[in-house]
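Trainee: fold the following.
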Amino acid sequence: AGASSRMGSRSDGMVGFPTSGVGRKNYGSGPIGSFMQNWEDSVAEAGGVTPYNLTDYILELEYMLPSMIEASAQQSNNCSCDAHDNCYQLETPYPTERGELMGYGGGDWEDFFKMTPKVTTVVLGAYSDVTWSEDMICRAHANGVRVLLDNPSGFGSKFEDSYEFDNITFIADWIKQRIDAVAEKYADGFVIDEEDKSPDAYITTWSTSYSALTALLTATLTAVRPGSYVGVAVPWSPDGIDLRYYDWRGLAFGSTFFWVMSYSIPSQVFSRCIAGGNGVKQIEHGLLGYMAYGIPAEKLVMGMSWGGAAFECTNFVGDTGLDYCAPKMETGLFGYRGVNCTDAVSESMGNLHNAWDRLTAPNTVYHGWDDYTKLPYFNYVTPLNGSDTKLYQVWYESPESIGHKVALASNMNVGGVGPWEFGKLNWTKPDQVYDVWSQFCKFFDCSEYAKCSGGSCHD
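Mentor: The predicted structure follows:
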């Protein structure tokens, strides 16, 4: 773009947060302007506010749009998939007709690409051990699987720092760089994963800048690469979890979907401090909370944890069949974001199969099931003999507990369901894989698939 086209800083004078909305804006009929107008209208209809006049951002991005489209097409021409159509982003709408089976990577993608019900979207998360490769993109697109990249580089500072957010040229260039990153990897979009604590109010400069930047990124990406997704990873509940008071309406309508992290629920415990896991009642409460903001159920993808957590029980006095485990407290000055009772003191069991392998260990002394949360747990001691024996309680997921969560997602008509991460299954044990994967039939219509046999659910 020529120097004469660049907008510089915002001209609306809204460096600080306005005390009232600026009224309905007219963003024009261009693709980015139309998206942003629909975004503001949807947020307002749901009872939210969009206080910034983003006209100058939109004009700058639409000026840059032809060059971004050309650059994206050139990148696809560099791809060497056997079928060149697989070098382009998928353009089927969200959610797919049958719903989304979406999850973060992990393990060998060749395993979960073959499974039925079929994966629709895989996210290459920042903590995933699946890395991008052209071969993976080619195979994914050939199988109708979207590939989303992890959190856009430098996302947080772009809205947390008002100096950066108010600089229209800077923001437009940053959005272009993020779209270039998607095009360079022939990918299908992003999942934004912002987990910083925020000011303790839902409508602040911090939160509305976050949602505005998300909407601008989504509007521009989908204009350059139609069919692309921009997801937002959100906590299991909108109720200020871990001090995250975000502009949920603005984020939801400014993105394609919410990846609801329906896990790490005991990160802050305000009731009796006992060990626990990710129960269906809490998950249901969280999903209903988002819907209460006017967010459609189909915009929510229920993410599940395929793992477990071990808590040392401070109330152990010799009864190895202990039901209620009082964990250690977080002893830092402010605890975990202000709370002393937290699963931050627990030890992760890592992959799901690590927890299952412990079920038959010699020092596992008790197995239990909590019918309220629909979760299994077990106790183990270490060392097995001696006066200094400690007891640990492990809350984990089983095929039965996973089935309850998938059924809940189906009953609530959310847009999809899936794990963090696919690789937390032991893919060398097909019976275990089938026991878990078959639970997805409670969300998806499995009548179209051949019956799995011999412990294998592969095609």
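Trainee: any chance you could map the helices in the stretch 101-250 of the chain?
Mentor: For the stretch 101-250 of the chain, applying DSSP state H, counting those that start in this stretch gives helices covering 109-112, 134-142, 155-160, 162-165, 168-184, 205-224, 248-253.
Trainee: how long is stretch 121-137 from one end to the other?
Mentor: One end of stretch 121-137 sits 12 Å from the other (C-alpha to C-alpha, to the nearest Å).
Trainee: my bad, should have said stretch 420-428
Mentor: Using C-alpha to C-alpha, the two ends of stretch 420-428 sit 19 Å apart.
Trainee: what sits up against it?
Mentor: 103-109, 111-112, 119, 122, 125, 128-130, 261, 263, 303-307, 350-353, 432-433, 436-437 (C-beta atoms under 8 Å, 6 or more residues apart in numbering). (C-beta placed from N, C-alpha, C; glycine too.)
Trainee: and it, what's buried?
Mentor: Neighbour counts over stretch 420-428 (16 or more other C-beta atoms under 10 Å) mark 420-427 as buried.
Trainee: which single one of those residues is nearest to Asp247?
Mentor: Trp420 (23.9 Å; C-beta to C-beta).
Trainee: how close does the closest one get to Gln177?
Mentor: As for Trp420, its distance to Gln177 is 27 Å (criterion: C-beta to C-beta, to the nearest Å).
Trainee: next one, pLDDT for Met68 please.
Mentor: Note on Met68: pLDDT of 98.
Trainee: pLDDT below threshold where in the stretch 301-450 of the chain?
Mentor: Within the stretch 301-450 of the chain, the stretches with pLDDT under 70 are 333-334, 384, 386, 448-450.
Trainee: and the helices in it?
Mentor: 352-358, 399-411, 430-437.
Trainee: which among those is found nearest to Asp135?
Mentor: helix 430-437 (22.6 Å).
Trainee: which helices and strands sit right next to the closest one?
Mentor: Applying 3 or more C-beta pairs under 8 Å, 6 or more residues apart in numbering; DSSP states H and E, we find helix 430-437 packed against helix 352-358, helix 399-411.
Trainee: give me that answer again for 10 Å
Mentor: helix 109-112, helix 352-358, helix 399-411 (3 or more C-beta pairs under 10 Å, 6 or more residues apart in numbering; DSSP states H and E).
Trainee: quick one: the last one to helix 430-437, angle?
Mentor: Just to be clear, that refers to helix 399-411. Helix 399-411 runs at 30 degrees relative to helix 430-437, counting by axes from the mean of the first three to the mean of the last three C-alpha atoms, to 10 degrees.
Trainee: Gln393 contacts Lys328, correct?
Mentor: No. Counting by C-beta atoms under 10 Å, Gln393 sits too far from Lys328 to count as a contact (12.0 Å).
Trainee: need the residues touching each of these two.
Mentor: Counting by C-beta atoms under 10 Å, 6 or more residues apart in numbering, the residues touching both Gln393 and Lys328 are 311-313, 346.
Trainee: any chance of the helices of the stretch 101-250 of the chain in CSV, with mean neighbour count too?
Mentor: Formatted as CSV, the helices of the stretch 101-250 of the chain follow (neighbours: other C-beta atoms under 10 Å):
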stretch, mean neighbour count
helix 109-112, 19
helix 134-142, 18
helix 155-160, 17
helix 162-165, 16
helix 168-184, 20
helix 205-224, 24
helix 248-253, 26
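Trainee: what number of residues lie near Asp242?
Mentor: Counted by other C-beta atoms under 10 Å, the residues lying close to Asp242 total 18.
Trainee: out of everything not next to it in sequence, what's closest to it?
Mentor: Arg337 (5.2 Å; C-beta to C-beta, 6 or more residues apart in numbering).
Trainee: that neighbour against Asp200, yeah?
Mentor: No. Arg337 is not in contact with Asp200 according to C-beta under 10 Å; the separation is 11.1 Å.
Trainee: of the two, who's got more company?
Mentor: Neighbours were tallied for Arg337 and for Asp200 using other C-beta under 10 Å; the higher tally belongs to Arg337 (16 against 9).
Trainee: mind showing which ranges of the stretch 1-150 of the chain have poor pLDDT?
Mentor: Short version for the stretch 1-150 of the chain, where the test is pLDDT under 70: 1-24, 106-107, 125-130.
Trainee: next, count neighbours for the closest residue to Thr331 other than its chain neighbours.
Mentor: The shortest distance from Thr331 to any non-neighbouring residue, by C-beta to C-beta, 6+ apart, is to Asn340 (7.5 Å). By other C-beta under 10 Å, 17 other residues sit near Asn340.
Trainee: ok, Asp445 - how many residues close by?
Mentor: So Asp445, with other C-beta under 10 Å, has 10 neighbours.
Trainee: same check, this time on Asn413
Mentor: 12.
Trainee: just the buried residues of stretch 356-366, please?
Mentor: Here stretch 356-366 shows 356, 358, 363-366 as buried, counting by 16+ other C-beta under 10 Å.
Trainee: follow-up on the earlier one: so between Gln393 and Lys328, which is more surrounded?
Mentor: More crowded of Gln393 and Lys328, by other C-beta under 10 Å: Gln393, with 26 against 15.
Trainee: residues in a beta bridge with that one, which ones?
Mentor: Phe311, Asn379 (DSSP bridges).
Trainee: OK, contacts around it?
Mentor: Per C-beta under 10 Å, 6+ apart, neighbours of Gln393: 274-276, 309-313, 316, 322-327, 346, 366, 368, 377-380.
Trainee: ok, the closest residue to Gly227 other than its chain neighbours - how many residues close by?
Mentor: Leaving aside its chain neighbours, Gly227 sits nearest to Glu91 (3.2 Å; criterion: C-beta to C-beta, 6+ apart). Neighbours of Glu91 under the rule other C-beta under 10 Å: 10.
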